[in-house]
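Asks: Structure of the sequence below:
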Amino acid sequence: MESNTRAWWIYALFSAGFAALTTIFAKIGIENVNPNLATAIRTVVILVVAWGIVLFQGNVVNILAIPQKTMIFLLLSGLSTGLSWIFYFQALQAGKASLVAPIDKSSLVLVLLFSVIFLGESLSWKIILGTGLIFIGTLVLII
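Replies: Residues are numbered from 1 along each chain as shown. Purely as a prediction, here's the structure:
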């Protein structure tokens with residue numbers, strides 16, 4: 001169990017690092033490009049990489065075994081991701097990366113609320129305090 005705890009931390013740290021690079025690269029990359037076109041280009045790259053990994057690992061055969069409910073929620077997640085990227089690139093082209101990214105990451109506050117409401121996850125004082133600090137920090141940046 002301890003190794004799994006460490007594994008998710010490592011993955012989360014890599015995710016944060018690449019998310020930061022994503023914002024910097026995107027801000028530079030959308031300078032003279034329509035944000036929707038930029039999102040489409042980025043999506044093709046992600047599509048190729050993700051399917052390349054699935055094919056390399058031999059997991060494509062598992063696609064038919066995915067339960068319908070799971071597939072529906074994966075599709076809804078994909079739709080939400082796409083809409084998030086479209087609006088993110090619009091905001092990034094119009095605003096400063098140093099302000100757009102923290103506002104985008106304030107979605108963590110919504111994740112906390114949604115995880116309690118829809119997933120039945122419990123709250124601890126650390127989660128409430130940390131989320132409150134994120135919310136306050138976002139307000140400080142935008143005011």
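Asks: Which other helices and strands does the lowest-mean-pLDDT helix or strand in the chain contact?
Replies: Least confident helix or strand, the chain: helix 2-29 with a mean of 83, by mean pLDDT, DSSP states H and E. Helices and strands touching helix 2-29, by 3 or more C-beta pairs under 8 Å, 6 or more residues apart in numbering; DSSP states H and E, are helix 35-57, helix 68-94, helix 97-105. Where you see a C-beta, it was placed from the backbone N, CA and C, and this is true even at glycine.
Asks: Neighbours of the residue nearest to residue 60 when sequence neighbours are not counted, how many?
Replies: Residue nearest to residue 60 in three dimensions, not counting chain neighbours: residue 54, with 5.5 Å by C-beta to C-beta, 6 or more residues apart in numbering. Counted with other C-beta atoms under 10 Å, residues neighbouring residue 54 total 14.
Asks: any idea of the pLDDT on residue 54?
Replies: Per-residue pLDDT puts residue 54 at 94.
Asks: how near is the most centrally placed residue in the chain to residue 142?
Replies: Geometric centre of the chain, nearest residue: residue 81, 7.1 Å, by C-alpha atoms, centre = their mean. Applying C-beta to C-beta, to the nearest Å, one obtains 24 Å for the distance of residue 81 from residue 142.
Asks: Please apply the same query to residue 79.
Replies: For residue 79, the distance to residue 142 - C-beta to C-beta - is 27 Å.
Asks: Same question for residue 80.
Replies: For residue 80 relative to residue 142 (C-beta to C-beta), the value is 23 Å.
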